[in-house]
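Asker: quick one, structure for this:
(one chain, ligands or ions: 1)
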Amino acid sequence: MSTIYLDHAATTPLDARVLQAMMPFFGDDYGNASSPHHMGRKSAVATDQWRRVIADVIGCDVSEIIFTGSGTESINAAFFGILQNRPQKRIITALTEHKAVLEPAERAAATGYEVVHVALDETGKIHPETLAPLLDEDTALVSLMHANNETGTMHPVGELAELCRKKDIPFHCDAVQTAGKVPLDVQELGVDLLSISAHKFNGPKGTGALYVRSGTPWSAWMLGGSQERGRRAGTLNVPGIAGMGRALQLAAEEMDDRRQRNRRLKKQMMGRLDDAFGRQVRFNGDTEAGLETILSVTFFDPEGMPLDGEMLLLNLDIEGICCSNGSACTSGTIKPSHVIMAMGNSPDTARSTLRFSFGKDNTTAQVDETVDQLREIISRHTHPAK
Ligand code: PLP
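Answerer: Here you go, the predicted structure:
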């Protein structure tokens, strides 16, 4: 049985060309990028080279990129690096953010911050007129994602960041799902801080970056050695950085092609699901203007009752098809998605929702096969429609 992998929002396969760029640093070129000798210099030159590539892709200066050990670390560094430099006590974010944002906000709340969640429309989008009245002189930080990792819905980040800029409020953007997928220019977006993660765009796991606009009231969160000009302690992950740089370079070069292919796959899947299930499926989020790579689908039985998403996921897995629903807890049980619930759905409806996420190697045949399997699985578990 061959695998059909439709879970690229969780992680992506490492591109062979990326591995090639990383290999020297797993082998003979193992020097510590901070060492003063020629071995160290070789690693430092490589990190400089790939930092330049990343800075060029996102439109910033090399001095504004800080390498981190994940997207999560990048977000934590953004949060606490700002909060320790601002006296204000209000954080503005949204309930549909990733836990990597919600948990730091919750930690801050436990130490006296007020956390305000901006209201969303029915697609999970935030509009400038909803954010504007919340911005006051006590706002320390606004953190809103570029695209949602469960629905693909994209916020108008440029407009939201501009509102904050006018009031001198730092704006952080979690761009983990959009880096390498859509054009990402920090000048155009007008954000002060932005987080990316290599494993979401065919790069290695455990490698992220934080963009910090020069002049932002931010300081190091990870303390120790003086790497990254004192802004992130820890020996640089040279193979990871080479991998992230090469992966982002390839994603930028191949972006138009990849986007077109993903758009076609998403459309095809929506069409096939519509044909197969009609009113028994509902697509969540902004399926028109949202990210091409993500499709969120809620499944109902012929009586309109939500189907058991975990049952669907496990049965698809038996057929070799990987997708996702909600987030796995440490106990191994599946919690209903906080994102789908934040968009006004009951826990049962959230539990009946699956996320299919496409990547550069998916094919139309794989989409057809997935819908065929879903049809089989659902007909086994429900009564045929009258
Ligand atoms: N933010 C979003 C929107 C994500 O989808 C993820 C990963 O799932 C993260 C942050 C965390 O990134 P990482 O896995 O690199 O820690």
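Asker: close to the ligand, is stretch 236-251?
Answerer: No. Taking Cβ under 6 Å from any ligand atom as the criterion, stretch 236-251 and the ligand are apart, separated by no less than 10.7 Å. In short, each C-beta sits where N, CA and C put it, glycine included.
Asker: need the distance between the two termini of stretch 220-239.
Answerer: 23 Å (Cα to Cα, to the nearest Å).
Asker: list the buried ones in it?
Answerer: 220-222, 227-228, 231-232, 236-239 (16 or more other Cβ atoms under 10 Å).
Asker: mean confidence for the helix or strand where residue 76 lies?
Answerer: Using DSSP states H and E, residue 76 sits in helix 71-83. Helix 71-83 carries an average pLDDT of 98.
Asker: direction included, what does the following helix or strand past that helix pair up with?
Answerer: Later in the chain than helix 71-83, the nearest helix or strand by DSSP H and E is strand 90-93. For strand 90-93, the paired strands and their directions (DSSP bridges) are strand 114-117 (parallel), strand 139-143 (parallel).
Asker: distance from the first one to the middle of the chain?
Answerer: A distance of 21 Å separates the C-alpha centroid of strand 114-117 from that of its chain, computed with Cα atoms, centre = their mean, to the nearest Å.
Asker: for the last one, same thing?
Answerer: Distance, stretch centre to chain centre, for strand 139-143: 20 Å (Cα atoms, centre = their mean).
Asker: please begin residue numbering at 78 from this point
Answerer: Let's use 78 as the start, then, which means that last one is strand 216-220.
Asker: contact partners of that strand?
Answerer: Applying Cβ atoms under 8 Å, 6 or more residues apart in numbering, the contact partners of strand 216-220 are 152, 155-156, 159-160, 163-170, 174, 178, 182, 190, 208, 212, 237, 241, 244, 246-251.
Asker: just want the angle from the following helix or strand past it to strand 216-220.
Answerer: Downstream of strand 216-220, the first helix or strand assigned by DSSP H and E is helix 234-243. Angle, helix 234-243 to strand 216-220, by axes from the mean of the first three to the mean of the last three Cα atoms, to 10 degrees: 170 degrees.
Asker: quick one: name whatever helix or strand follows helix 234-243.
Answerer: Assignment by DSSP H and E places the next element after helix 234-243 at strand 248-251.
Asker: list the strands paired with that following strand, with their directions.
Answerer: strand 216-220 (parallel), strand 270-274 (parallel).
Asker: among those, which comes closest to the ligand?
Answerer: Nearest to the ligand, of all these, is strand 270-274, at 3.3 Å by Cβ to the nearest ligand atom.
Asker: including distance to residue 388, could the strands paired with strand 248-251 go into a markdown table?
Answerer: Converted to a markdown table, the strands paired with strand 248-251 look like this (distance: least, Cβ to Cβ, whole Å):
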| stretch | distance to residue 388 |
| --- | --- |
| strand 216-220 | 35 |
| strand 270-274 | 31 |
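Asker: with mean neighbour count added, can I get those strands in CSV?
Answerer: CSV is the format used below for those (neighbours: other Cβ atoms under 10 Å):
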stretch, mean neighbour count
strand 216-220, 24
strand 270-274, 30
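Asker: CSV for those strands, including mean pLDDT and distance to the ligand?
Answerer: Formatted as CSV, these follow (pLDDT from 0 to 100; distance: least, Cβ to the nearest ligand atom, whole Å):
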stretch, mean pLDDT, distance to the ligand
strand 216-220, 98, 11
strand 270-274, 98, 3
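Asker: out of these, which gets nearest to residue 231?
Answerer: Smallest distance to residue 231 across the strands paired with strand 248-251 (Cβ to Cβ): 14.3 Å, for strand 270-274.
Asker: just the CA trace of the closest one, in PDB.
Answerer: The C-alpha coordinates for strand 270-274 follow below in PDB (Å, rounded to 0.1, in the frame of the first residue of the first chain):
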ATOM      1  CA  LEU A 270       8.200  40.800  14.100                       C
ATOM      2  CA  LEU A 271       7.500  37.700  12.000                       C
ATOM      3  CA  SER A 272       8.000  34.000  12.700                       C
ATOM      4  CA  ILE A 273       8.800  31.200  10.200                       C
ATOM      5  CA  SER A 274       9.600  27.500  10.500                       C
END
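Asker: contacts for that strand, please.
Answerer: 135, 147-149, 151-152, 155, 159, 247-253, 256-257, 261, 263, 284-290, 293, 295, 325.
Asker: next, the buried residues of stretch 412-421.
Answerer: Residues of stretch 412-421 classed as buried: 413-420 (neighbour count, 16+ other Cβ under 10 Å).
Asker: sorry, wrong one. I was asking about stretch 246-265.
Answerer: Neighbour-count burial for stretch 246-265, counted by 16+ other Cβ under 10 Å, picks out 246-259, 261, 263.
Asker: so which of those residues is the closest to the ligand?
Answerer: residue 253 (3.7 Å).
Asker: so what's the residue nearest to the closest one when sequence neighbours are not counted up against?
Answerer: Among residues not flanking residue 253 along the chain, residue 148 sits closest, at 4.2 Å (Cβ to Cβ, 6 or more residues apart in numbering). When contacts are counted by Cβ under 8 Å, 6+ apart, residue 148 touches 177, 251, 253, 272-274, 277, 285.
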